[in-house]
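S.K.: Give me a 3D structure for the following:
(chains A, B, C and D)
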Protein chains: 4
Amino acid sequence: MIIVMKHGATEAEIQAVVDKIRAAGHKEHVSRGAELTIIGAIGDESRLDPEYFEMMQGVERATHIVKQYRIVSRDTHPQGTIVNIRGIPLGGEQIQVIAGPCSVETQEQMDLAAEGVVAAGCRMMRGGAFKPRTSPYAFQGLGVEGLEIFQKAARKHNLPIVTELMDVRMLDTFMEHDVDVIQIGARNMQNFDLLKEVGRVNKPVILKRGLSATISEWLMSAEYIAAGGNHDIIFCERGIRTYETAYRNVLDITAIPVLKRETHLPVIVDPSHAGGKAWMVPALAQAAVAAGADGLMIEMHPNPCEAWCDADQALKPQELKQLMDTLSVIAKAVGRTL
Amino acid sequence: MIIVMKHGATEAEIQAVVDKIRAAGHKEHVSRGAELTIIGAIGDESRLDPEYFEMMQGVERATHIVKQYRIVSRDTHPQGTIVNIRGIPLGGEQIQVIAGPCSVETQEQMDLAAEGVVAAGCRMMRGGAFKPRTSPYAFQGLGVEGLEIFQKAARKHNLPIVTELMDVRMLDTFMEHDVDVIQIGARNMQNFDLLKEVGRVNKPVILKRGLSATISEWLMSAEYIAAGGNHDIIFCERGIRTYETAYRNVLDITAIPVLKRETHLPVIVDPSHAGGKAWMVPALAQAAVAAGADGLMIEMHPNPCEAWCDADQALKPQELKQLMDTLSVIAKAVGRTL
Amino acid sequence: MIIVMKHGATEAEIQAVVDKIRAAGHKEHVSRGAELTIIGAIGDESRLDPEYFEMMQGVERATHIVKQYRIVSRDTHPQGTIVNIRGIPLGGEQIQVIAGPCSVETQEQMDLAAEGVVAAGCRMMRGGAFKPRTSPYAFQGLGVEGLEIFQKAARKHNLPIVTELMDVRMLDTFMEHDVDVIQIGARNMQNFDLLKEVGRVNKPVILKRGLSATISEWLMSAEYIAAGGNHDIIFCERGIRTYETAYRNVLDITAIPVLKRETHLPVIVDPSHAGGKAWMVPALAQAAVAAGADGLMIEMHPNPCEAWCDADQALKPQELKQLMDTLSVIAKAVGRTL
Amino acid sequence: MIIVMKHGATEAEIQAVVDKIRAAGHKEHVSRGAELTIIGAIGDESRLDPEYFEMMQGVERATHIVKQYRIVSRDTHPQGTIVNIRGIPLGGEQIQVIAGPCSVETQEQMDLAAEGVVAAGCRMMRGGAFKPRTSPYAFQGLGVEGLEIFQKAARKHNLPIVTELMDVRMLDTFMEHDVDVIQIGARNMQNFDLLKEVGRVNKPVILKRGLSATISEWLMSAEYIAAGGNHDIIFCERGIRTYETAYRNVLDITAIPVLKRETHLPVIVDPSHAGGKAWMVPALAQAAVAAGADGLMIEMHPNPCEAWCDADQALKPQELKQLMDTLSVIAKAVGRTL
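M.R.: Numbers count the residues shown, from 1 in each chain, chains lettered A, B, ... in the order given. The predicted structure is shown next:
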């Protein structure tokens, strides 16, 4: 930790900081400049809190310099991690596109959707059985019945399924229904009890970024999962909240290269929720692949006009197929395959 | 709902919208302007989704005009609600200040804190036994033992206690330990399963605003609780996330008059978490009362230098007492008492 | 304009609104719903201010429905505009990359830079002679001498030059020195007097997006220029300010497809200022082209380690060349050429 | 400056940094920890750019530790500055309220407004002759004629006048018309050429905060003015842009105590533009005074319903008078007078 003393801090104030550093079992390093004195505290940083120092007389500010995340950091694992999802690799040379409707509605809808997923050349399927809705009066998902419908449709084509877990009490049910990838939604990115629980199971987890989560908080949330023993974590950028009202969220494309540098874990992008309109999806999906994403999660509905939620952000099966063709060329341009 | 057609929308496109409105059991009202055609859908709005219309050919945009929250709306309950907390009224003429440390640490600390709360003239006490921490390696609270310590200290002075519930599985424990007010933290403002559960119990709930929640989302989250039957809800503004890095959060003082107009429920302010520094607390607390807040939630620690978390945002007991004196005059200036 | 009356608005209040609409020379259209009454004002919207109505008794809110920008709107000019820059087309099938250093420093630097621009296959050059710096004590640019150095270097290779105008009093000098494209920087996006002046000259203008400008404000600023007679306007997305601190700005890739839909004018992207680090530039540049940008503005310096400002965001000439190769394949994938 | 080396930085990389520090005429101070090496550069920081170091191999990050603003800093001037405005002190014990309409419209309107200002007990008057409008088609102010009308109305009551300068070419006109306080609007906070010019005249300047300016950028903009010799600068907080759409801007009340700590210059608040609605003004104005503001700038119009711009944010003369009474009590509570 670095502690910067205030302009004009007294010797006694400096000594008090030094004493506190030593009391915590660390060593200090004092640099006296013409204008400022800087004190370094040498030792295991995670045991020192900057606030302890910032409230002392004469201290301007104190900052950690070692990152607070470890297991998920690329420092501890320089090679990229490839998460294995029922035999399908996510995080390697091949880019994976996870497609499917926002919500599970009916068996027929999911059967048609699964066919569309396969026809477009995608290898995994998404669909929500439990829906986080802003309004208590909106459709909340089919629940367990939805899981069953989803599995029935997907297994026919041997498609691994991705679905959102909102309530810690439903985790056993997810395991019993053999959900392949557990999705933690944006609103639950800092639901720490939920993170701890999915950290204890042996299933890949897609961790969506919170609506206004920093990169650092997002990495810390992944660290919560990893600390429990589950290292199969996939980051999913889905747009952040800004002042702009012309679209639902701002897809933060910069997060892709930055995360790839900070962590060894795969990074995927959800272009459908980000923009909120189907017509924006191709541009955003193409940008994500061009920027180095390891995968995409795209909403596709066999009949968007009849969708029960987020209707106007879903692609039609044919549109998805067409997009896959473009993505395939871009993937090659950046040294990947689709 | 109002549906604005695109410039140059065809008759067929307009008719398709009209047909869809009628199919949903509503009546339409078509206004043809020189440049634009506007269609109103008359009926129960909550059953119509703007997205259904926005994806239709020729539609520019569709918007709800009736608010989606009802029970918490002032429209349905013009007088302000006074929440009764073990005999103490929150929401009426008298402003309530809830004080206490960030975390429950030891019995001695809580005993001293309770004495400080009473000495300053506050009537309720706060303290965290379960702490939402960004890092899995940080102190996570004393848990159930913390609840016991807290109750022991508070009951001596007959102080109602306020403490945060993070995990739905701990609700029964909170009821058994007779927690007086359940606090839902900022990170859980859209943990909908947790909201539903606290909606079923008979305890006042303080609902903190999410880090980047809109006023409308916040009201909807309160509606989740209210829809379960629990109408004793208190909003707590605690600062929002912005681009500014000079302080932790920006206390959104405008939210106070706006909420007071939109809802009949009480609105309190947490000036300690907002600014993140003890020296900012008096200015923010004074501003909150001057702007019409029904109460405050202030961090106070008998010995801030030894606090286990958020150390530098806690007032000392003596500082709290002094602040109460100033607040008392401001309260009178705005027609309240303290 | 649509005026939504409050729940329970009286007949007299409704009539007052109707009277005001008629007094302004418009016609009204009243829709009475079960819960709400909506009034449409039919006529030339630009002459009605929603605020006039929102302050009336019984009015919930009033909103314009016709867009406030006209000349720059795609509605009035469905085909895309191609801006001609000394014979080089911007906005058509061919994507243009404008490269060069942040600041003009020396003749040698600019000569080397110009060679690098040409070697990489770029057709236009950028460089700042007048620099907007946050601190009054930082290097403010070489001024007029910088313009001369820049022109000397660029004309050798017949490269059109792009440079920033900050002060309305320097416009004549820019014209005399035959600057090819005038850049209006982010901080001046709403310097309306400057916009009016560049609207009167016959030179293409690159209008950078303000740090936290909405799409709509940006379009209105372009309309200021266009209203003066100069329609050769190019939008340049350069990142927006958000809460994220891990990088300088968030490149708003969604702005590309949205602008392309709203306006007929070309849209380019500055990936260098957005991220603020050279290592982020390739990912962001690739994303921009994949999302449909008409061009890029990239910082390149013959010797970044010696650059006088924004040193660590400039590519080396060789890095630029390599990036151009990748961009070329992506351009083809989206039906363009480079 | 502090330079933090990357985990695993080599000796050669450390040495290169040391060499660069020495080459700039500074001394270094190297602290080698178990995990990290930190290098301090001792000397005049303003001559070192963190970017020079951040682009070097092995460097994690470099940060200035000395503040970049000097003249405006409280460090260099511990006592608060009182700006004298034609005999009226701003920044001392007495709080000043500047009231008046958004725009100068007619002589009659300004005469009535001036009477209202005096009747309410305010000592300065505001009014805009040049208006920054988002749309080129909106009313742009009466210009020089407006200045004349304004002066005529204000001088009758010996009220100093405050009005906005947008264009550097109008500065002489402002001086000739003896404008008492020059207001720099939010959109021009980083119009550096304008700041330089008002830095050269001998008139107090109100510097409004940019829509999304940080405290630090705002202080640097004041430093631009101060560096020219004009130290009579008044900061005006007027709300910042956030994701919230329920009100125009978020009044950043925390900025008041933070600025008062950082600078010796007065800080005032504009509650009218912040919220955008007249009914929000009293709550925000009261909060500002309670938080320690040195003054307020409030919109008041003799007949808001007929105002030419920002109609629904202006108080009526009678409402202003009533607010002044409440503010007077709050001012006393915080040790001030009104």
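
S.K.: residues of the helix or strand hosting A:Val117 that come out buried?
M.R.: A:Val117 belongs to helix A:107-119 when assigned by DSSP states H and E. The neighbour-count check on helix A:107-119 (16 or more other C-beta atoms under 10 Å in any protein chain shown) flags A:Gln109, A:Met110, A:Asp111, A:Leu112, A:Ala113, A:Ala114, A:Gly116, A:Val117, A:Val118 as buried. (C-beta placed from N, C-alpha, C; glycine too.)

S.K.: which residues of chain A score low on pLDDT?
M.R.: A:33-35, A:45-47, A:309-311 (pLDDT under 70).

S.K.: what domains does the record give for it?
M.R.: Chain A breaks down into these domains under automatic domain parsing: A:2-63, A:74-333.

S.K.: got the end-to-end distance for the first one?
M.R.: End-to-end distance of domain A:2-63: 5 Å, with C-alpha to C-alpha, to the nearest Å as the criterion.

S.K.: Repeat that for stretch A:209-216.
M.R.: 11 Å.

S.K.: The domains of chain A: which one's closest to D:Pro317?
M.R.: With distances scored as C-beta to C-beta, the stretch of those nearest to D:Pro317 is domain A:74-333 (34.3 Å).

S.K.: Is the closest one positioned near chain B?
M.R.: Yes - counting by C-beta under 8 Å from any C-beta of the partner chain, contacts between domain A:74-333 and chain B involve A:132-137, A:166-169, A:187-188, A:190-193, A:196, A:211-212, A:217, A:220, A:223-224, A:227, A:241, A:278, A:304-305, A:309-312.

S.K.: Filter these down to the buried ones and express that as a PyMOL selection.
M.R.: Entered in PyMOL, the line below selects the buried ones among these, by 16+ other C-beta under 10 Å:
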select buried, chain A and resi 132+133+134+135+136+166+167+168+187+188+190+191+192+193+196+211+212+217+220+223+224+227+241+278+304+309+310+311+312
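
S.K.: So which of the residues of domain A:74-333 next to chain B are in helices?
M.R.: A:Phe192, A:Asp193, A:Lys196, A:Glu217, A:Met220, A:Glu223, A:Tyr224, A:Ala227 (DSSP state H).

S.K.: What is the nearest of the residues you listed to B:Gln151?
M.R.: Ranked by distance to B:Gln151 (C-beta to C-beta), those are led by A:Asp193 at 22.3 Å.

S.K.: check contacts around the closest one.
M.R.: A:Val168, B:Met166, B:Asp167, B:Arg169 (C-beta atoms under 8 Å, 6 or more residues apart in numbering or on different chains).

S.K.: try 7 Å this time
M.R.: Contact partners of A:Asp193, counting by C-beta atoms under 7 Å, 6 or more residues apart in numbering or on different chains, are A:Val168, B:Met166, B:Asp167.

S.K.: thought the first one was touching A:Lys196?
M.R.: No - contact between A:Val168 and A:Lys196 fails when scored by C-beta atoms under 7 Å: they sit 8.7 Å apart.

S.K.: which residues are common contacts for these two?
M.R.: In contact with both A:Val168 and A:Lys196: no residue, using C-beta under 7 Å, 6+ apart.

S.K.: Just give me the neighbour total for the closest residue to A:Val104 other than its chain neighbours.
M.R.: Spatial nearest neighbour of A:Val104, chain neighbours left out: A:Gly146 (3.7 Å); criterion: C-beta to C-beta, 6 or more residues apart in numbering or on different chains. Around A:Gly146 there are 21 other residues, counting by other C-beta atoms under 10 Å in any protein chain shown.

S.K.: Quick check: A:Gly146 is in a strand.
M.R.: No - counting by DSSP: H, G, I helix; E, B strand; the rest coil, A:Gly146 is not part of a strand but helix.

S.K.: and A:Arg155, backbone torsions?
M.R.: phi -60, psi -30 (degrees, to the nearest 10).

S.K.: Just give me the neighbour total for it.
M.R.: Residues within reach of A:Arg155, counting by other C-beta under 10 Å, total 13.

S.K.: again, but for A:His231
M.R.: Neighbour tally, A:His231, other C-beta under 10 Å: 19.

S.K.: quick one: secondary structure of it?
M.R.: coil.

S.K.: same deal with A:Leu171?
M.R.: Looking at A:Leu171 with three-state DSSP, the answer is helix.

S.K.: give me the number of residues near the closest residue in space to it that isn't next to it in sequence?
M.R.: Residue nearest to A:Leu171 in three dimensions, not counting chain neighbours: A:Glu197, with 5.5 Å by C-beta to C-beta, 6+ apart. Using other C-beta under 10 Å, A:Glu197 has 21 other residues around it.

S.K.: likewise A:Thr76?
M.R.: Neighbours of A:Thr76 (other C-beta under 10 Å): 12.

S.K.: Contact partners for it?
M.R.: So A:Thr76 contacts A:Arg70 (C-beta under 7 Å, 6+ apart).

S.K.: Would you mind measuring from it to A:His231?
M.R.: 11 Å (C-beta to C-beta, to the nearest Å).

S.K.: Same question for A:Cys122.
M.R.: Relative to A:His231, A:Cys122 is positioned 25 Å away (criterion: C-beta to C-beta).

S.K.: what's the answer for A:Asp19, then?
M.R.: A:Asp19 is 40 Å from A:His231, by C-beta to C-beta.

S.K.: what does stretch A:53-63 rub up against?
M.R.: Here stretch A:53-63 makes contact (C-beta under 7 Å, 6+ apart) with A:1-6, A:9-10, A:13, A:16-17, A:20, A:50, B:304-305, B:311-312.

S.K.: Give me the subset of those lying in helices.
M.R.: A:Glu13, A:Ala16, A:Val17, A:Lys20, A:Pro50.

S.K.: Out of the residues you listed, who's the most crowded?
M.R.: A:Val17 (24 neighbours).

S.K.: Strands along the stretch 1-150 of chain A, start to end?
M.R.: Taking DSSP state E, counting those that start in this stretch, the strands of the stretch 1-150 of chain A run over residues A:2-5, A:27-32, A:37-42, A:59-63, A:83-85, A:88-90, A:96-100, A:124-126.

S.K.: now do the stretch 151-300 of chain A
M.R.: Going by DSSP E, counting those that start in this stretch, the stretch 151-300 of chain A shows strands at A:161-164, A:181-184, A:205-208, A:233-237, A:267-269, A:295-299.

S.K.: partners of the fifth one, with directions?
M.R.: Here strand A:267-269 has these sheet partners by DSSP bridges: strand A:233-237 (parallel), strand A:295-299 (parallel).

S.K.: any idea of the angle the last one forms with helix A:107-119?
M.R.: In other words, strand A:295-299. Angle between the axes of strand A:295-299 and helix A:107-119 is 140 degrees (criterion: axes from the mean of the first three to the mean of the last three C-alpha atoms, to 10 degrees).

S.K.: which residues sit against strand A:295-299?
M.R.: Contacts of strand A:295-299 (C-beta under 7 Å, 6+ apart): A:90, A:95-99, A:101-102, A:126, A:236, A:266, A:268-272, A:281, A:285, A:288, A:310, A:313-315, A:320.

S.K.: Now with 8 Å, please.
M.R.: Residues contacting strand A:295-299 (C-beta under 8 Å, 6+ apart): A:90, A:95-102, A:122, A:126, A:162, A:206, A:234, A:236, A:266, A:268-273, A:281, A:285, A:288-289, A:310, A:313-315, A:320, A:323, A:327.

S.K.: Lovely, talk soon.
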